[in-house]
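predicted model and sequence follow; I will ask about them next.
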Amino acid sequence: MGKPTGFKEFERELPKKLAPAKRVANYKEFVGKLNDEELNHQAARCMNCGVPFCHSGCPLGNVIPEFNDAVYNKEWEEAYNILASTNNFPEFTGRICPAPCESACVLGINKPPVAIEEIEKNIVEIAFSKGFVKNDAPIERSEKSVVIVGSGPSGLAAAAQLNKAGHTVTVYERDDKPGGLLRFGIPDFKLEKTVVERRIALMEEAGIKFICNTEVKNLKDIIAKNDAVVLAGGSTIPRDLPIQGREFKGIHFAMDFLKQSNKRVSKIKYKEEDILATGKDVVVIGGGDTGSDCVGTSNRQEAKSVKQFELMPMPPKERTLAMPWPSYPMVLRTSTSQEEGCERFFGVSTKAFLGDKKGNLRALLVVDVSWEQDALGRLIKFKEVEKSEREMPCQLVLLAMGFVHPQHKGMIESAGIELDERKNVKAKEKEYKTNVDKVFTAGDMRRGQSLVVWAISEGREAARKVDEYLMGFSNLESKDRVVSNVLNVG
């Protein structure tokens, strides 16, 4: 590496953030930038490990030590080319990925890990500023046409790869603009929509056609008129909480709230009744990233109070025997949204929604729960804590408990596509092909709700399989091939 002793000399450093009181005044990104010297020091911390576990920690198989070396030497075009060889959208993952690569960093065994995600973000933004990022139009076209259904991260990745392979690619999106979760699910304060639109414009320049405001319900005509189809519609059916009082007004799914807020910020019209946290006691049920996004959005809408419930107990602050390195540890984390103002409750179960005479939500009936653990600290089952039942004032509940499976009615049912035991679209592992000829699937629609970085990986891998199906071979990159080459085992 550029500086073999760098990990001894420099500490992990991240850019400063705008103070919470200032950043909640708008929906802009609020994370600053490292200067050239600080970036150089962070890249120098990469250790030249004998086995770089960060490769396998990253779902995309990013070639991390190599781009760190290029950053240290200020070879920005080389750094970008290395990064772009495995990741179509580093400007997204550099902002919103939970960085499992950092959890697998060897330096992280006894010191803070290399700031891989921050370095990745800087590589791509510097590459954009220097004009290194260009549309990926192919030199020549095949005579094959492919339709992608869904323009979330997996659909975009599949489209980009298949277009690069020379096929004619059309993407159908039922919302107003392309991007899926990136465009309408993740708030602007984490991912400004100009970043998404910048990438979509490049993809259109490269020849990819986007057809929006179009929900595909009958897949048979599309299958008949094209050489292959990739279903990348995501896992869109939210997990509900069907308890007493569910009918009261003021109870909404998190994604309905976030999607409407994103449209409002982007000045996109919507037909639904306003869902606003302004002046209300808000409770977010669910402790994950989506719940955190609801917290940040509620704060920006000037909620009276914001609480976040998690059924699970408070996680430990450090790894336990149940989460050994280099696995991604389920430890206590505080998101930037939670820093802005949020009372967090762990080990709490909601028993009923309570309403007033007009049918509006007024409070929650909640109870504390205790969990039984096994010898390794894994949670087995819970029970209610006696005499802990109580009411909490609340006029807006946001259900952020995840998603159960993709939408079956319409496209999937009409085409006779088989489902697996979890009610996701069934496809053989590493083949991505459904039971219907010419039809492939990728992302959350296939593997279930997951991370954006996994969705991009799925889209890339599915594209390679489609290319092989169409041409008999493929020159598209494969994660398995990249990791094997890096580890010298293939």
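Cool, got the structure. On a predicted model such as this, the values are computed, not experimentally measured, just so you know.

now do the lengthiest helix in the chain, average pLDDT.
Across the chain, the longest stretch assigned as helix under DSSP state H is helix 452-471. Helix 452-471 shows an average pLDDT of 98 in the prediction.

what helices or strands is that helix leaning on?
Applying 3 or more CB pairs under 8 Å, 6 or more residues apart in numbering; DSSP states H and E, one finds that helix 452-471 makes contact with helix 90-96, helix 153-164, strand 228-231, strand 439-441, helix 444-447, helix 479-487. Yep, even glycine has a C-beta here, placed from its N, CA and C like the rest.

closest to Val283 out of the ones you listed?
Taking CB to CB as the criterion, helix 90-96 is the member of these that comes nearest to Val283, at 24.3 Å.

other SSEs contacting that closest one?
Secondary elements touching helix 90-96 (3+ CB pairs under 8 Å, 6+ apart): helix 116-129, helix 193-205, helix 452-471.

do I have it right that His55 meets Ile64?
Yes: contact status for His55 versus Ile64: in contact at 6.6 Å, counting by CB atoms under 8 Å.

for these two, indicate the residue with more neighbours.
Neighbour comparison, His55 and Ile64: the larger count goes to Ile64, with 28 against 24 (by other CB atoms under 10 Å).

can you pull the phi/psi pair for that one?
Its backbone dihedrals place Ile64 at phi -70, psi -50, with angles given as degrees, to the nearest 10.

name the SS class of the nearest residue to it once chain neighbours are set aside, please.
Once flanking residues are discounted, Ile64 sits nearest to Cys54: 4.5 Å by CB to CB, 6 or more residues apart in numbering. Three states are possible here, and by DSSP: H, G, I helix; E, B strand; the rest coil the one that applies to Cys54 is helix.

quick check: Cys54 touching Gly108?
No: if you go by CB under 8 Å, Cys54 and Gly108 don't touch, sitting 9.3 Å apart.

more neighbours: those two, which one.
Shown here are Cys54 and Gly108; by other CB under 10 Å, Cys54 has more neighbours (30 against 21).

quick one, the longest helix of the chain and helix 153-164 angle?
40 degrees (axes from the mean of the first three to the mean of the last three CA atoms, to 10 degrees).

for Ala165, give its distance to Val466.
As judged by CB to CB, to the nearest Å, Ala165 and Val466 stand 9 Å apart.

oh, I was asking about Ala455
Between Ala455 and Val466 the distance, using CB to CB, works out to 16 Å.

how about Leu321?
Shown here: Leu321 relative to Val466, a distance of 42 Å by CB to CB.

neighbour count: those two, which is higher?
Between Leu321 and Val466, Val466 has the larger neighbour count (other CB under 10 Å), namely 30 against 9.

for the residue lying closest to the more buried one once chain neighbours are set aside, what are its contacts?
On the basis of CB to CB, 6+ apart, the spatially nearest residue to Val466 that is not a chain neighbour turns out to be Ala228, at 5.0 Å. Taking CB atoms under 8 Å, 6 or more residues apart in numbering, we find Ala228 in contact with Lys144, Val146, Val147, Lys438, Val439, Phe440, Val466, Tyr469, Leu470.

most surrounded residue in the residues you listed?
Tallying neighbours with other CB under 10 Å puts Val466 at the head of the contacts of Ala228, with 30 neighbours.

can I assume that one is in contact with Ser145?
No: in this structure Val466 lies outside contact range of Ser145 using CB under 8 Å: 11.4 Å.

Glu77: what secondary structure?
Taking three-state DSSP as the rule, one finds Glu77 in the helix state.

now do stretch 260-278: distance to the chain's middle.
The offset between the C-alpha centroid of stretch 260-278 and the centroid of the whole chain comes to 22 Å, using CA atoms, centre = their mean, to the nearest Å.

which parts of it are buried?
Going by neighbour count (16 or more other CB atoms under 10 Å), the buried part of stretch 260-278 is Gln260, Ser261, Asn262, Lys263, Arg264, Val265, Ser266, Ile268, Ile275, Leu276, Ala277.

pLDDT (mean, whole number) over it?
Mean pLDDT, taken over the full extent of stretch 260-278, equals 97.

report the contact partners of Gly6.
Applying CB under 8 Å, 6+ apart, we find Gly6 in contact with His41, Ala43, Ala44, Arg45, Cys46, Tyr72.

wait, the second one sits on Glu66?
Right, Ala43. No: contact status for Ala43 versus Glu66: not in contact, 11.0 Å apart, counting by CB under 8 Å.

would you map out the domains in this structure?
According to automatic domain parsing, the chain is divided into the following domains: 6-129, 145-236+404-487, 240-401.

still on that earlier bit, could the helices and strands packed on helix 452-471 go into CSV alongside mean pLDDT and distance to Ile200?
Output for the helices and strands packed on helix 452-471, formatted as CSV (pLDDT from 0 to 100; distance: least, CB to CB, whole Å):
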stretch, mean pLDDT, distance to Ile200
helix 90-96, 98, 12
helix 153-164, 98, 8
strand 228-231, 98, 17
strand 439-441, 98, 22
helix 444-447, 96, 20
helix 479-487, 55, 24
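
export the ones you listed as TSV, with columns for distance to Asp188.
Putting these into TSV (distance: least, CB to CB, whole Å) gives the following:
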stretch	distance to Asp188
helix 90-96	11
helix 153-164	17
strand 228-231	28
strand 439-441	30
helix 444-447	22
helix 479-487	30
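
looking at these, which is nearest to Gly402?
Each of those has some distance to Gly402 by CB to CB; the shortest is helix 444-447, at 10.6 Å.

what's the spacing between Met314 and His41?
Spatial separation of Met314 from His41 under the definition CB to CB is 34 Å.

give me the more crowded residue out of these two.
Between Met314 and His41, His41 has the larger neighbour count (other CB under 10 Å), namely 20 against 12.

isn't that one up against Phe10?
Yes: checked against CB under 8 Å, the pair His41 and Phe10 is within contact range at 4.2 Å.

how near is the nearest residue to Asn360 once chain neighbours are set aside to Leu396?
The spatial neighbour of Asn360 that comes closest, neighbours along the chain excluded (CB to CB, 6+ apart), is Lys249 at 5.0 Å. For Lys249, the distance to Leu396 equals 10 Å [CB to CB].

same question, Glu477
When CB to CB is the yardstick, Glu477 and Leu396 sit 45 Å from each other.

only alpha carbons, please: show the host helix or strand of Leu258 as PDB.
Secondary structure assignment for Leu258, by DSSP states H and E: helix 254-265. Included here for helix 254-265 are C-alpha records, laid out as PDB according to Å, rounded to 0.1, in the frame of the first residue of the first chain:
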ATOM      1  CA  ALA A 254     -43.800   4.400   7.000                       C
ATOM      2  CA  MET A 255     -43.300   4.300   3.200                       C
ATOM      3  CA  ASP A 256     -46.500   6.100   2.500                       C
ATOM      4  CA  PHE A 257     -45.300   8.900   4.800                       C
ATOM      5  CA  LEU A 258     -41.800   9.000   3.300                       C
ATOM      6  CA  LYS A 259     -42.900   8.800  -0.300                       C
ATOM      7  CA  GLN A 260     -45.400  11.700   0.200                       C
ATOM      8  CA  SER A 261     -42.700  13.800   1.900                       C
ATOM      9  CA  ASN A 262     -40.200  13.200  -0.900                       C
ATOM     10  CA  LYS A 263     -42.800  14.200  -3.400                       C
ATOM     11  CA  ARG A 264     -43.600  17.300  -1.500                       C
ATOM     12  CA  VAL A 265     -39.900  18.300  -1.200                       C
END
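
so which bits of the next helix or strand after it are buried?
Scanning forward in sequence from helix 254-265, with DSSP H and E defining helices and strands, the next element found is strand 281-285. Of the residues in strand 281-285, those scored as buried under the neighbour-count criterion (16+ other CB under 10 Å) are Asp281, Val282, Val283, Val284, Ile285.
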